[in-house]
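Asker: A structural model of the following input is requested.
(2 chains)
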Amino acid sequence: RKEVEQDPGPFNVPEGATVAFNCTYSNSASQSFFWYRQDCRKEPKLLMSVYSSGNEDGRFTAQLNRASQYISLLIRDSKLSDSATYLCVVNKADTGRRALTFGSGTRLQVQP
Amino acid sequence: EPEVTQTPSHQVTQMGQEVILRCVPISNHLYFYWYRQILGQKVEFLVSFYNNEISEKSEIFDDQFSVERPDGSNFTLKIRSTKLEDSAMYFCASGGAWGSTDTQYFGPGTRLTVL
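Answerer: Numbering: from 1, shown residues only, chains lettered A, B, ... in the order given. Alright, predicted model coming up:
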């Protein structure tokens, strides 16, 4: 089983649509969870951290289910500028280990 | 807003040559990292560095690789005797102090092409 697994997409959605991405991770000891976005041939940029209680940042909502080892990202009212690859990222686990483990990413294309 | 910087943006080298990739982390961060991304593949962890020593490394980070913090601002990745399969984007990242979140901020990357 992959350490972090994501649906590769692409997700093609019209502007204004709501889209949801899912991610599962294999290491139950993982401690920190993030969504990054990556534009073509650019660096990963932090979108948001993910907390057990769920958290929201504007149009973006992230959820974490530790029991199911499942992370989600919801984007409401999609904009053209949201077109990118969304990376599910997990801290590699164990206290003091800070290496991030990346999923392969889900590509989103928002169309006019 | 402070950011991680990397030089050069693109490095072309011949197989067997040595390259040094440079990074300037965010100034008050204490943890520094190198990751790589082969074209079309996922981002992979190489090494983390804290308190002037390697704190963790992946199986990719073998004797061909080394890291150094030669002064108070730069953080370098040296790749000796480059191979074709070393062609990739190399990202430097930095993060905060112990006990803070694990949030890491990435530089724009160096694209390494080995011919």
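Asker: can you list the low-confidence ranges for chain A?
Answerer: Judged by pLDDT under 70, chain A has its weakly predicted residues at A:93-97.
Asker: now do the residue nearest the centre of chain B against residue A:51, distance only.
Answerer: With distances taken as CA atoms, centre = their mean, the residue of chain B nearest its centroid is residue B:34 (3.0 Å). Per CB to CB, to the nearest Å, residue B:34 is found 28 Å from residue A:51. Where C-beta positions appear, they are placed from N, C-alpha and C, glycine not excepted.
Asker: before we move on, the earlier item: list the contacts for the residue nearest to the centre of chain B?
Answerer: Residues in contact with residue B:34 (CB atoms under 8 Å, 6 or more residues apart in numbering or on different chains) are B:21, B:23, B:46-47, B:67, B:77, B:90-93.
Asker: which ones among those residues map onto strands?
Answerer: Taking DSSP state E as the definition of strands, the contacts of residue B:34 contribute B:21, B:23, B:46-47, B:67, B:77, B:90-93.
Asker: in CSV, list the residues you listed along with pLDDT, neighbour count and distance to residue A:1.
Answerer: Written out in CSV, the entries for the ones in strands among the contacts of residue B:34 read as follows (pLDDT from 0 to 100; neighbours: other CB atoms under 10 Å in any protein chain shown; distance: CB to CB, whole Å):
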residue, pLDDT, neighbour count, distance to residue A:1
B:21, 98, 23, 33
B:23, 97, 26, 33
B:46, 97, 20, 23
B:47, 95, 20, 25
B:67, 97, 22, 31
B:77, 98, 25, 30
B:90, 98, 22, 28
B:91, 98, 26, 26
B:92, 97, 28, 30
B:93, 96, 27, 26
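Asker: closest one to chain A out of these, please.
Answerer: Sorting these by how near they are to chain A, with CB to the nearest CB, puts residue B:91 at the top with 5.6 Å.
Asker: quick check: pLDDT value at residue B:71.
Answerer: Residue B:71 carries a pLDDT score of 86 in this model.
Asker: repeat for residue B:26
Answerer: As summarised for this prediction, residue B:26 has a pLDDT of 90.
Asker: just say helix, strand or coil for it.
Answerer: coil (DSSP: H, G, I helix; E, B strand; the rest coil).
Asker: what is the burial count for residue 14?
Answerer: Since you didn't name a chain, this refers to chain A. Residues near residue A:14, counting by other CB atoms under 10 Å in any protein chain shown, number 9.
Asker: oops, wrong one, chain B.
Answerer: 8.
Asker: list the contacts for it?
Answerer: B:82, B:114-115.
Asker: what's the closest of these to residue A:13?
Answerer: Proximity of those to residue A:13 was ranked by CB to CB; the top entry is residue B:114 with 38.3 Å.
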